[in-house]
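**Student:** Here is my input; please provide its structure:
(2 chains)
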Amino acid sequence: MAVSVMTGSRSVATAVKLAKPEVIAAYPVTPQTEIVEDIATFIKNKELNAKFIKVDSEHSAMSALIGASSAGARTFTATASQGLMYMAEVVHWAAHARLPIVMAVATRALASPWSILNDHTDFLVQHSSGWIQIMCENNQEALDTTLQAFKIAEKREVMLPVMVGLDGFILTHTSMPVDVPDPDLIDSFLGKRMAPFALDPDNPLTFGNVVDDKYFMEMRYKMFESMQNAKRVIKEVSEAYAKLTGRSYGLVECYQCDDAEHVIVTMGAASGDAKVAASMLRKEGIKAGVLRLRVIRPFPKEDIVEALANRKTVSIVERDLSAGIGNILAHEIKSALYDAGAKVFVKSFIAGLGGRDILPEDFVNAVKSAASGKKGDEWIRLNLG
Amino acid sequence: MLLRDVKFEEKWLPGNAACPGCGLSLGLRLLTKAIEKPVVVIPASCASVVQGAWPKSSASFPLLNIAMAGAGAAASGIANAYEMLGKEGTVVAWAGDGGTADIGLQALSGAAERGENIIFVMYDNEAYMNTGIQRSSSTPHGAWTTTTPEGKREFKKDVAAIMLVHNLEYVATASVSYPVDFIEKLKKAEAHKGTKFIQLYSPCPPGWRLDASKTIEVGKLAVETGAWILYEYENGKLTISPISSRFREKKARRPLIDYLSLQGRFAGISQQDIAKLEAEIDRKWEFLSKFE
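**Tutor:** Alright, predicted model coming up:
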């Protein structure tokens, strides 16, 4: 193992190098570009032996990987924002075809108007695509999660693609110390992909032909079941990875939660600011903690209920928007708490759209607002003046 | 090669869901007789349906279905994976005119520019037949479709010419009415490097309002009237195929009306539109002669 200072983009690219996919296909889109630029350089320098198909669009990137993965190859792509939207048809296709493709998403706001800056709407609107979705807090986690993603995706009881989210610019273009595992360790951790079904002239199978109403729902049920399996598999893979590297991750992370009366729920890079806010609040005598959502799909309902049900307040701070209702995940969290019969007061905060800052003081104010019992969603740092 | 030399073995199995007289089904059958180990990609089209419904399939060759715009890209992915994994097979994209000339053109052009080792067959039935006979950019001038009830005003997009200027080693046109010619062209394509493109004339009896027994006949009339020109573009040289070269001279061609009158889709065509179609045929011959 060796610690290097690297960007989030380099962290993902380094993980890809270690995972040794046979086929990569990608189309450039800010702020994902440095990931694929690094991969191109690794291939040129013979640090990675892979085919990199420099396609004409994101739709073609995912279509190419559907082909390559169906042929039995380990595959990777990266995209963001408009690229993910353009790819969307085949994003869903890849999951429904049960292909273990790994994709990094450098999160970014959606146009119009143009913004290249960060929010999570692009990532979260894919939450019904059938992909496993994991959102990272820092560059180390981006590297570790990308490696684990291949292992999770290729497990026979999962066989679903994995989307690794990292905040555009905030992580992709910011350097941090990252511990890079030894290649031999990763070889033993991942091994080669064993595809149970592949395009093979000696065993000719038809993939994805018409299915009538007699079978379709059962196929979706099997996918749903595999998503449920993924909750266990993600934890198992994390434990196996921890044995090699000493780093483990759960479906969620609960920070200073033990005695917390007020919990902030957030995800991605801003979780670090939320943790600072929790400490600031504790200095004022307010017992605060942070629940960081790491795995979005499968939705870690049980872990969330366990972490939140018996608090005084929950402040959900999300950098995404579903116009007409508000935050995207807040409703899933409230629904999980409702199902569990929890009586906790939950308040939702819309923040950080299109690169708007979210600072520790914003989380502090959010918790205080929730603690005051003021009902209704709030927008953080909204300036209509 | 003679017809009797064509492989007897069937990999495109009977009992598939094709309509009587289906051109594309015949084309797929010929494909599997030309290529030893085809690995086939099919984007949304009639071919997605006629292969049959899960858990059955009429394809006795590996077959990947893909979204309509994705044939060129998915085929690229398979070809790259096969190379990396050391697997043997000839990757063939089998797309309709919509999945080639319209929504699939970008991915095809991308694959061709990158020189992906694939054969792309555009089976051209000149409209969106699977969705119910809507016009495509490959529908000829004057033809009735459900979205051109007045007869199409525009002219047919020339996809083979578009692929020709991608500087591919091999581009050809073919017709299901001339099976040996198509098989020979597939075999030639397979022997070339990079992306190969074949535009296959594939009559559609329901879509063309054509008697199902007339598939082969209408294809021959298309060639004999000069409306469909069989040619090859190989290593930078264009050659009119012997079958079509007989019809180079306008006076050697049969009257266009012989071709049009077989098809209900041209039932209401005006004399003016027939004249435009005849002029378009002359222009096409003139255009191709520049590459010879």
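
**Student:** middle-most residue in the chain, spatially?
**Tutor:** You didn't pick a chain, so chain A it is. When C-alpha atoms, centre = their mean is applied to chain A, the residue found nearest the centroid is A:Ile134 (2.5 Å).

**Student:** let's do chain B instead
**Tutor:** So for chain B, C-alpha atoms, centre = their mean, it's B:Leu200, sitting 2.2 Å from the centre.

**Student:** Would you confirm that that residue belongs to a strand?
**Tutor:** Yes: B:Leu200 sits within a strand when classified using DSSP: H, G, I helix; E, B strand; the rest coil.

**Student:** Hmm, it is touching B:Ser175, no?
**Tutor:** Yes: the pair B:Leu200 / B:Ser175 is scored as a contact, 6.9 Å apart, by C-beta atoms under 8 Å. Every residue, glycine included, has its C-beta placed from N, CA and C.

**Student:** show me the contacts for the closest residue to chain A within the stretch 101-250 of chain B.
**Tutor:** The minimum distance from the stretch 101-250 of chain B to chain A, using C-beta to the nearest C-beta, falls at B:Gly110 (3.1 Å). By C-beta atoms under 8 Å, 6 or more residues apart in numbering or on different chains, B:Gly110 lies in contact with A:55-57, A:60, B:72-73, B:76.

**Student:** can we see that at 7 Å?
**Tutor:** Neighbour list for B:Gly110: A:55-56, A:60, B:72-73 [criterion: C-beta atoms under 7 Å, 6 or more residues apart in numbering or on different chains].

**Student:** excluding its backbone neighbours, what's nearest it?
**Tutor:** A:Asp56 (3.1 Å; C-beta to C-beta, 6 or more residues apart in numbering or on different chains).

**Student:** Would you mind listing what in the stretch 201-350 of chain A touches chain B?
**Tutor:** Residues of the stretch 201-350 of chain A lying near chain B by C-beta under 7 Å from any C-beta of the partner chain: A:201, A:204-212, A:215.

**Student:** about what we covered before: the residue nearest to the centre of chain A in helix, strand or coil?
**Tutor:** Per three-state DSSP, the secondary structure class of A:Ile134 is strand.

**Student:** A:Thr145 is in contact with that one, correct?
**Tutor:** Yes: in terms of C-beta atoms under 7 Å, A:Ile134 counts as a neighbour of A:Thr145; the distance is 5.3 Å.

**Student:** Test my guess that the residue nearest to the centre of chain B contacts B:Asp124.
**Tutor:** Yes: if you go by C-beta under 7 Å, B:Leu200 and B:Asp124 touch, sitting 6.2 Å apart.

**Student:** State the helix or strand in which A:Thr77 lies.
**Tutor:** strand A:75-79 (DSSP states H and E).

**Student:** follow-up on the earlier one: turn the contacts of B:Gly110 into JSON lines, columns for distance to A:Met227.
**Tutor:** Below are the contacts of B:Gly110 laid out as JSON lines (distance: C-beta to C-beta, whole Å):
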{"residue": "A:Val55", "distance to A:Met227": "28"}
{"residue": "A:Asp56", "distance to A:Met227": "32"}
{"residue": "A:Ser60", "distance to A:Met227": "27"}
{"residue": "B:Gly72", "distance to A:Met227": "31"}
{"residue": "B:Ala73", "distance to A:Met227": "27"}
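
**Student:** can you redo the residues you listed as CSV with secondary structure, neighbour count and pLDDT?
**Tutor:** CSV is the format used below for the contacts of B:Gly110 (DSSP: H, G, I helix; E, B strand; the rest coil; neighbours: other C-beta atoms under 10 Å in any protein chain shown; pLDDT from 0 to 100):
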residue, secondary structure, neighbour count, pLDDT
A:Val55, coil, 26, 98
A:Asp56, coil, 21, 98
A:Ser60, helix, 30, 98
B:Gly72, helix, 34, 98
B:Ala73, helix, 36, 98
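
**Student:** need the contact list for A:Met219.
**Tutor:** By C-beta under 7 Å, 6+ apart, the residues touching A:Met219 are A:Val211.

**Student:** any chance you could map the helices in chain A?
**Tutor:** For chain A, the helices defined by DSSP state H cover A:8-19, A:33-44, A:58-70, A:81-96, A:121-124, A:139-154, A:183-190, A:216-245, A:271-283, A:301-308, A:330-339, A:360-371.

**Student:** could you check the angle helix A:139-154 makes with the third one?
**Tutor:** Between the axis of helix A:58-70 and that of helix A:139-154 there is an angle of 50 degrees, by axes from the mean of the first three to the mean of the last three C-alpha atoms, to 10 degrees.

**Student:** What pLDDT is listed against B:Met1?
**Tutor:** In this model, B:Met1 is scored at 88, pLDDT.

**Student:** how deep is the nearest residue to B:Asn125 once chain neighbours are set aside tucked in, by neighbour count?
**Tutor:** Leaving aside its sequence neighbours, B:Asn125 sits nearest to B:Cys204 (C-beta to C-beta, 6+ apart; 3.9 Å). Residues near B:Cys204, counting by other C-beta atoms under 10 Å in any protein chain shown, number 27.

**Student:** and if you look at the one 10 residues further on?
**Tutor:** For B:Lys214, the tally of surrounding residues (other C-beta under 10 Å) stands at 17.
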